[in-house]
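Engineer: Using only what follows, build the 3D model:
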Amino acid sequence: MAHSLAQTAQLTCPGCGQTFETEVWLVVDAAERPDLFDRLRAGRLHTLPCPHCGHEGEVDAPLLLYRPGQEPPLLFSPAQQTAAEEDREQAQALLGLLREALGDAWRDGWLEELPVVPRPMLSLALADDPEAALQQMAQAAAQALEQLRREDPETYRQLEEAARQMAEAAAQANPLLQTIRQFVEADTWLESYRFAQEHPELLEEEADALLAGLVEAAQEAGDENAQRILAEHLTLLRRCREVGVARAFAEKMLPPEALEAAQAAGLTPEQALEAQAVLQQQGPIGQAVWQFLQAEDDARAEALLAAQADLLLTWDAGNLM
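Structural biologist: From the prediction side, this is the model:
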């Protein structure tokens with residue numbers, strides 16, 4: 001039984017006014033129908049030509065994409081002119097049809113995290129080269145947004161919010177984009193370090209390409225702050241690939257003198273980072289001890305001791321040292 005499903009629709013051509021019947025695809029199995037999948041990635045699955053005059057028009061219809069063997073295996077892209085309740089009803093109907101078509105191959109677990117991708121973001125979510133696709137979209141969006149910002153500030157604000165929501169949906173469709181986002185948005189470098197340890201996929205070439213694309217997109221959009229933050233994280237991940245996660249973060253988080261002192265004491269970069277974390281969690285005394293241990297020379301250590309004697313000359317500080 002075929003997994004890809006289409007509905008026959010009767011349309012009226014706005015060009016010549018004649019009516020015709022055509023197939024509107026609602027469920028696509030990417031493995032079963034690679035031709036339909038290619039049309040989908042090109043943004044032309046629902047672009048239908050009139051058989052009488054050749055005029056092309058866009059049909060507003062929902063779509064359920066099934067990608068066997070990939071994560072996530074299902075993506076739902078709602079129609080663009082429907083309400084949220086209609087979207088939910090249509091998604092449930094298409095999921096029911098696919099469940100019936102797949103039979104024993106169906107897995108209920110697929111529904112736990114069903115990405116919902118707005119149609120304008122679908123090509124990006126499915127692109128072979130997300131970096132290039134992201135750059136093209138960013139260039140076009142930057143030009144349009146700048147013109148809109150000048151001509152209609154209120155609509156510009158609304159569009160910014162819609163763009164944020166679409167970016168979140170695209171990240172859900174691509175788990176690696178979501179991982180990159182969580183890495184960049186970590187509150188502290190220590191959290192980023194631990195996150196990088198838990199997600200080795202951040203060190204792969206695909207992650208590098210995606211993050212580089214985000215840097216260029218921010219640059220094209222004129223967002224200097226986002227560009228700076230993204231570029232800083234991109235540089236750090238590239239250093240992680242060169243010397244290892246612990247060493248790269250130790251270089252980022254510790255002054256050179258403190259890193260050298262830790263190595264002289266026989267500590268690995270990972271142990272030095274954990275020692276910093278433990279001390280900083282001890283409140284003002286721990287922070288004072290950490291500053292004292294980082295002192296680059298005896299003069300600096302003596303100055304810190306004199307300035308923070310009430311913290312450093314205590315039993316608690318001695319125990320931490």
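Engineer: Look up the pLDDT of residue 251 for me, please.
Structural biologist: Listed pLDDT for residue 251 reads 83.
Engineer: If you could redo that for residue 277, that was the one I meant.
Structural biologist: Reported pLDDT for residue 277: 58.
Engineer: And for the one 3 residues further on?
Structural biologist: Looking at residue 280, its pLDDT is 55.
Engineer: Kindly report the same for the one 10 residues further on.
Structural biologist: Each residue has a pLDDT score; the one for residue 290 is 52.
Engineer: which regions of the stretch 101-250 of the chain sit below the pLDDT cut-off?
Structural biologist: Low-confidence segments of the stretch 101-250 of the chain, defined by pLDDT under 70: 128-142, 145, 163-173.
Engineer: Need the three-state assignment for the nearest residue to residue 239 once chain neighbours are set aside.
Structural biologist: Closest residue in space to residue 239, ignoring its immediate chain neighbours: residue 248 at 4.1 Å, by Cβ to Cβ, 6 or more residues apart in numbering. Using the backbone N, CA and C atoms, a C-beta is placed for each residue, glycine as well. With DSSP: H, G, I helix; E, B strand; the rest coil as the basis, residue 248 sits in helix.
Engineer: So what does residue 115 have for phi and psi?
Structural biologist: Dihedral pair for residue 115: phi -70, psi 140, per degrees, to the nearest 10.
Engineer: Tell me how far it lies from residue 94.
Structural biologist: 14 Å (Cβ to Cβ, to the nearest Å).
Engineer: do the same with residue 180
Structural biologist: With Cβ to Cβ as the criterion, residue 180 and residue 94 are 30 Å apart.
Engineer: cool, and residue 248?
Structural biologist: Taken as Cβ to Cβ, the span from residue 248 to residue 94 is 45 Å.
Engineer: ok, now which ones touch the residue nearest to residue 239?
Structural biologist: Each residue near residue 248 by Cβ atoms under 8 Å, 6 or more residues apart in numbering is listed here: 236, 239-240, 242.
Engineer: Adding distance to residue 219, write those residues out as CSV.
Structural biologist: Below are the contacts of residue 248 laid out as CSV (distance: Cβ to Cβ, whole Å):
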residue, distance to residue 219
236, 18
239, 21
240, 23
242, 24
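Engineer: Could you dump these into TSV and include secondary structure, neighbour count and distance to residue 38?
Structural biologist: Converted to TSV, the contacts of residue 248 look like this (DSSP: H, G, I helix; E, B strand; the rest coil; neighbours: other Cβ atoms under 10 Å; distance: Cβ to Cβ, whole Å):
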residue	secondary structure	neighbour count	distance to residue 38
236	helix	20	37
239	helix	16	38
240	helix	21	36
242	helix	9	38
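Engineer: Looking at those residues, which is nearest residue 198?
Structural biologist: Nearest to residue 198 among these, counting by Cβ to Cβ, is residue 240 at 13.1 Å.
Engineer: Not counting its neighbours along the chain, what's nearest the closest one?
Structural biologist: Counting by Cβ to Cβ, 6+ apart, the residue nearest residue 240 is residue 248, at 4.3 Å.
Engineer: cool, and residue 33?
Structural biologist: Closest residue in space to residue 33, ignoring its immediate chain neighbours: residue 4 at 4.7 Å, by Cβ to Cβ, 6+ apart.
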